[in-house]
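Student: I'd like to go over a predicted model; first the sequence, then the structure.
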Amino acid sequence: MSPILVVMTYVGIQVFEPKFDNALPEFERVVEELHAQPGYTSIGSLRLGGFEIYRAYDRSDGQVFFVDATTVFFWGSGGWAYSPDGPPSDAHLVSVNHIVGDWYHVRWYFDL
């Protein structure tokens, strides 16, 4: 593979890859929508700032999880979590990385 093609591919990925910071207002809008509904609420098939979201759902503790549609597999998935009281907690979470404010990048793995 030619070095020019490698560089062009890398630059193309960097230019067109969605950025969480750019999508943050859309993610926050969904958090507000879910919190406005009583009880457990979920929304499926969203596109937020270039991210394909399989499902967004809230929990009674105020946390909201967004499942990245490009990472959904039988054994796990990844996505983002809004967690106002610190890092999110869930029995299946194996990775939690702080992004900004109340936002975290998360990964889940499930027992098969």
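Tutor: That came in fine, so what should we check first? All figures in this text were calculated on a predicted structure; none of them were measured in a lab.
Student: for whatever helix or strand Glu32 lives in, buried residues please.
Tutor: Using DSSP states H and E, Glu32 falls within helix 20-36. Residues of helix 20-36 classed as buried: Phe20, Ala23, Leu24, Phe27, Glu28, Val30, Val31, Leu34 (neighbour count, 16 or more other C-beta atoms under 10 Å). Using the backbone N, CA and C atoms, a C-beta is placed for each residue, glycine as well.
Student: shaky segments in this protein?
Tutor: Along the chain, segments meeting pLDDT under 70 span 1-16, 111-112.
Student: tell me where it has helices.
Tutor: Taking DSSP state H, the helices of the chain run over residues 3-16, 20-36.
Student: convert the C-alpha atoms of stretch 42-52 to PDB, please.
Tutor: C-alpha atoms of stretch 42-52 as PDB (Å, rounded to 0.1, in the frame of the first residue of the first chain):
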ATOM      1  CA  SER A  42     -36.100   4.200  26.300                       C
ATOM      2  CA  ILE A  43     -35.800   5.600  22.700                       C
ATOM      3  CA  GLY A  44     -34.500   3.500  19.900                       C
ATOM      4  CA  SER A  45     -32.700   4.200  16.600                       C
ATOM      5  CA  LEU A  46     -31.300   7.700  17.000                       C
ATOM      6  CA  ARG A  47     -28.700   9.600  15.100                       C
ATOM      7  CA  LEU A  48     -26.900  12.200  17.300                       C
ATOM      8  CA  GLY A  49     -24.200  14.300  15.700                       C
ATOM      9  CA  GLY A  50     -23.000  11.500  13.400                       C
ATOM     10  CA  PHE A  51     -23.300   8.800  16.000                       C
ATOM     11  CA  GLU A  52     -25.700   5.900  15.400                       C
END
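Student: if we can go back for a sec, point out the other helices and strands that the helix holding Glu32 packs with.
Tutor: Secondary-structure packing of helix 20-36 (3 or more C-beta pairs under 8 Å, 6 or more residues apart in numbering; DSSP states H and E): strand 42-48, strand 51-58, strand 64-68, strand 76-82, strand 93-100, strand 103-109.
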